[in-house]
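A.B. asks: just the structure for this:
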Amino acid sequence: MSRPNTTRHNLSVALLLTALLLIVPAASATAAPQESRYSWVPPKICPVDWREGTWHVKKLIRCAAQHWDVPGGATKAFYIADRESHFDPHAYNSSSGAKGIYQHLNRYWPGRAYAFGFKGYSAFNARANIIVTMRMVKRYGWSPWGG
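C.D. replies: A predicted model of the protein is given here:
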């Protein structure tokens, strides 16, 4: 009996999970409003003023990564944030419409923000962007960001 190609299998699984992540948030953004068990983040969790500069953005990432115990920890979270936006809360990709620290696509952000406690917040709000990302990563892993 032959052994399946693990690289091809892993790639297939990653693509399937990415597709599910792309479909599910879009569906929740258009669904009738309902309270989510993820819909509230206490203000005392990671109370860092990200507007004070890059050092504070990094401090917020470290806090959120530790609080939600994300895979790869703060090191992975820093790597992805640096790759996506160089820690710039106002980063914008005009060709894809991706916004903020972790470059959430504009069409998915409202559903994600709602589901993870930041309904009505902009993706350019670093606290919202970072905490939504960490909560997503805790639940689904880093696959939407290629990792």
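
A.B. asks: which phi and psi values does Asn93 adopt?
C.D. replies: phi -100, psi 110 (degrees, to the nearest 10).

A.B. asks: look up how far Ile61 lies from the nearest residue to it once chain neighbours are set aside.
C.D. replies: Nearest non-adjacent residue to Asn93, counting by CB to CB, 6 or more residues apart in numbering: Gln103, 6.3 Å away. (Glycine included, C-beta is placed from N, CA and C.) Distance of Gln103 to Ile61, given as CB to CB, to the nearest Å: 14 Å.

A.B. asks: neighbour count for these two, which is higher?
C.D. replies: It is Ile61, of Gln103 and Ile61, that has more neighbours when counted by other CB atoms under 10 Å, with 29 against 22.

A.B. asks: so that one touches Ala81, yeah?
C.D. replies: Yes. Shown here, Ile61 and Ala81 form a contact pair, counting by CB atoms under 8 Å, at 5.9 Å.

A.B. asks: any residues in contact with both of these two?
C.D. replies: Ile101, Ile130 (CB atoms under 8 Å, 6 or more residues apart in numbering).

A.B. asks: can you tell me the element Asn129 falls in?
C.D. replies: Following DSSP states H and E, one finds Asn129 within helix 126-140.

A.B. asks: which strands and helices sit next to that helix?
C.D. replies: Under the contact criterion of 3 or more CB pairs under 8 Å, 6 or more residues apart in numbering; DSSP states H and E, helix 126-140 touches helix 6-30, helix 54-67, helix 73-85, strand 104-105, helix 109-115.

A.B. asks: what average pLDDT does the longest one get?
C.D. replies: Right, helix 6-30. Across helix 6-30, pLDDT averages out at 56.

A.B. asks: so what's Ala64 up against?
C.D. replies: Counting by CB under 8 Å, 6+ apart, Ala64 has contacts Ile45, Cys46, Val70, Ala77, Ile130, Ile131, Thr133, Met134.

A.B. asks: ok, and the closest non-adjacent residue to it?
C.D. replies: Once flanking residues are discounted, Ala64 sits nearest to Met134: 4.2 Å by CB to CB, 6+ apart.

A.B. asks: that'll do, ta.
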